[in-house]
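> coords please:
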Amino acid sequence: MNILLLGKNGQLGWELQRSLSVTGHVTALDRNSRDYCGDLGNLQGLTETVRVLKPDVIVNAAAYTAVDKAESEPELAGTINTAAPGALAEAAAKLGAWLVHYSTDYVFDGSGNCPWTETDNPAPLSIYGKSKLEGEQRIQQSGCKHLILRTSWVYAARGNNFAKTMLRLAQEREQLTVINDQSGAPTGADLLADITAHAIRYLQHHPQHAGIYHCAASGETTWYEYARFVIGQARQIRSDLPVKCTEITPVPTSAYPAPAHRPLNSRLNTHKLQTVFGLTLPPWQQGVTRMLVEILENR
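Got it, this is the predicted structure:
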């Protein structure tokens, strides 16, 4: 199986290089690749790359993810998150290839307290969310065989993320204030990558299960509780860690005004994913603890 991976150096792309390596031959690209175009801002170049490489599966792990910046760069966000997936989908349809794409809980408005299902009506609050939703729609409209995984609160040991920021701040400050009215499930890039590899193998024999799935670790938390967990676990893993923080204060989202509105409810119902692909998703705490061990043991 020939696999084209885009966004190889991102948190998810890095993990996908590992998980997909046992599934087939992987050509991994990023925006700076020389032999082939991996730049989602170059639609013609992307289409030509697909035409030349003739992959069986295209995995698009690249995206415009600067949520606040997207409010002032709607055209760029639209090119990368909407037009590029559309171009990849059209190229995949011509080849009869699969397209795997990642989307977000930001396609919803964050209302209520129930986990979002795949059939709930999207209503994004931000340019970023709108661009991701329109990317989904372009893929669906192309008629290509596709797998779209909506996820939330992605982290990895590689790159920057919320947990690493909390660890750093806890060593610099005695008091932290963290948002406590947004709920979701921290989801490891390694978990997403492993599920992707499993799903690709399954779909080769069961193409009728193409479509959109929600994919996140099990359980739920808030950013405030997440921060408390991270700092508490870090102290257990490294008793010598120089943590200054003695108080973490919960605050509402309104305490941190930002250009883009965040959904308060980022819970995703993963029943469909687990049922179709025969999976049991681990609790979010398990993956976060594994990441912390990897980070802290290397210090």
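> now L169: closest residue in space that isn't a chain neighbour?
Counting by Cβ to Cβ, 6 or more residues apart in numbering, L169 lies nearest to L176, which is 5.8 Å off, once chain neighbours are set aside. The C-beta positions use only the backbone N, C-alpha and C, and glycine is treated the same way.
> which secondary structure element is home to the one you found?
Element membership of L176 [criterion: DSSP states H and E] is strand 175-179.
> show me what the next helix-or-strand element following that strand is packed against.
Secondary structure here is assigned by DSSP H and E; on that basis, the next helix or strand after strand 175-179 toward the C-terminus is strand 183-184. Taking 3 or more Cβ pairs under 8 Å, 6 or more residues apart in numbering; DSSP states H and E as contact, the helices and strands that strand 183-184 lies on are strand 221-222.
> just checking: what are the partner strands of the strand it packs on?
Counting by DSSP bridges, the strands paired with strand 221-222 are strand 183-184 (antiparallel).
> for the record, mean pLDDT for the strand it pairs with?
Per-residue confidence for strand 183-184 averages out to 97 on the pLDDT scale.
> any residues touching that strand, and which ones?
Taking Cβ atoms under 8 Å, 6 or more residues apart in numbering as the criterion, the residues outside strand 183-184 that touch it are 105, 113, 152-153, 216, 220-222, 264-268.
> same question for stretch 11-27.
With contacts defined as Cβ under 8 Å, 6+ apart, stretch 11-27 is touched by 1-8, 28, 30, 36, 53, 55-57, 59, 61-62, 102, 154-156, 158-159, 161, 189-190, 192-194, 196-197, 200-201.
> which of those residues fall within helices?
Restricting these to those inside helices, with DSSP state H as the criterion, leaves L53, A189, D190, L192, A193, D194, T196, A197, I200, R201.
> enumerate the beta-bridge partners assigned to the residue nearest to L169.
The partner list for L176 in beta bridges (DSSP bridges) reads I248.
> could you measure from it over to A227?
Using Cβ to Cβ, to the nearest Å, one obtains 7 Å as the distance from L176 to A227.
> of the two, who's got more company?
A227 (26 against 20; other Cβ atoms under 10 Å).
> a helix runs through that one, doesn't it?
Yes. Counting by DSSP: H, G, I helix; E, B strand; the rest coil, A227 is part of a helix.
> is it correct that it is in contact with K164?
No. The criterion here is Cβ atoms under 8 Å, and A227 misses it with K164 at 11.6 Å.
> kindly supply the PyMOL command isolating those of the contacts of stretch 11-27 that are buried.
Typed into PyMOL, the next command selects the buried ones out of the contacts of stretch 11-27 (criterion: 16 or more other Cβ atoms under 10 Å):
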select buried, resi 3+4+5+6+7+8+28+30+53+55+56+57+59+61+62+102+154+155+156+158+161+189+190+192+193+194+196+197+200
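> which of the contacts of stretch 11-27 fall in strands?
Those of the contacts of stretch 11-27 mapping onto strands are N2, I3, L4, L5, L6, A28, V57, V59, Y102, V154, Y155, per DSSP state E.
> of all the residues you listed, which comes closest to A93?
The shortest distance between A93 and any of the ones in strands among the contacts of stretch 11-27, using Cβ to Cβ, involves V57 and amounts to 13.5 Å.
> my read: that closest one touches L88, true?
No. The pair V57 and L88 does not pass the contact test of Cβ under 8 Å, sitting 11.4 Å apart.
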